[in-house]
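> this is the structure alone, sequence omitted:
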């Protein structure tokens with residue numbers, strides 16, 4: 001198994017299933033690297049899963065665990081399997097979003113254009129678990145003057161805004177599919193970005209992109225949300 005660590009994949013966590021021989025071998029290589037931090041809090045996660053009321057289905061309790069490698073953190077973390085992880089992580093949403101609603105919303109593909117204000121929106125969508133795929137588009141990089149509204153850090157200066165958001169989301173839910181369009185939206189990317197989209201959140205600064213995005217959304221009958229002052 002090849003572990004992607006180049007800049008092209010710098011927002012994507014690598015998930016390992018130890019029950020697959022090739023993945024176990026790659027994971028063992030990582031865990032044997034003394035420069036990499038390894039964190040294993042599965043006992044606490046398992047205890048939390050077993051303590052839920054009503055008790056989860058047996059299939060969730062029996063699901064095999066995973067290990068996640070975050071290249072930008074140089075860290076490997078043990079987590080519950082995808083279904084049990086989602087069940088435990090989103091359990092406390094139950095009083096505001098029903099399980100049925102959660103499952104329905106979890107199938108949505110939501111696009112966010114503009115990852116300054118859009119960063120907080122994308123992050124909240126991931127926190128609440130109300131999408132299955134996030135598409136993030138921004139050509140710009142983090143600058144010091146952005147840190148009044150983007151919850152990034154000086155370590156992120158010079159990094160593409162969409163990548164910074166994607167990394168933060170991956171550290172909340174490594175199983176959530178996040179697609180990054182780090183060149184923004186233009187004639188070469190607009191079709192790929194909009195095809196199959198269920199909702200667009202538009203928070204970009206460029207007037208021409210705003211118009212182009214709305215035209216693309218209208219032609220596909222995709223609803224558009226925008227928060228502005």
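Arrived safely, thanks for sending. These numbers come from a predicted model, not from an experiment.

> got the phi and psi for residue 37?
phi -80, psi 130 (degrees, to the nearest 10).

> surely it meets residue 69?
No: using Cβ atoms under 8 Å, residue 37 is not in contact with residue 69; the gap is 10.5 Å. Placement of C-beta: from N, CA and C, glycine included.

> overlap in contacts, those two.
With contacts taken as Cβ atoms under 8 Å, 6 or more residues apart in numbering, the residues that reach both residue 37 and residue 69 are 75, 76.

> neighbours of residue 187, how many?
A count of neighbours around residue 187, defined by other Cβ atoms under 10 Å, yields 7.

> residue 50 versus that one, what's the distance?
To residue 50, residue 187 is 52 Å away according to Cβ to Cβ, to the nearest Å.

> and the lowest-mean-pLDDT helix or strand in the chain, how far out from the chain middle?
When the helices and strands of the chain are compared on mean pLDDT, DSSP states H and E, helix 99-105 comes out lowest with a mean of 87. For helix 99-105, the distance between its averaged C-alpha position and the chain's averaged C-alpha position is 18 Å (Cα atoms, centre = their mean, to the nearest Å).

> any buried residues in it, and which?
Buried residues in helix 99-105, defined by neighbour count with 16 or more other Cβ atoms under 10 Å: 102, 105.

> quick one: which of residue 37 and residue 69 has more around it?
When residue 37 and residue 69 are compared for neighbours, residue 69 comes out ahead with 24 against 12, by other Cβ under 10 Å.

> you'd agree the more buried one is up against residue 23?
No: the pair residue 69 / residue 23 is not scored as a contact, 10.7 Å apart, by Cβ under 8 Å.

> if anything else comes up later, I'll come back, but that's it for now.
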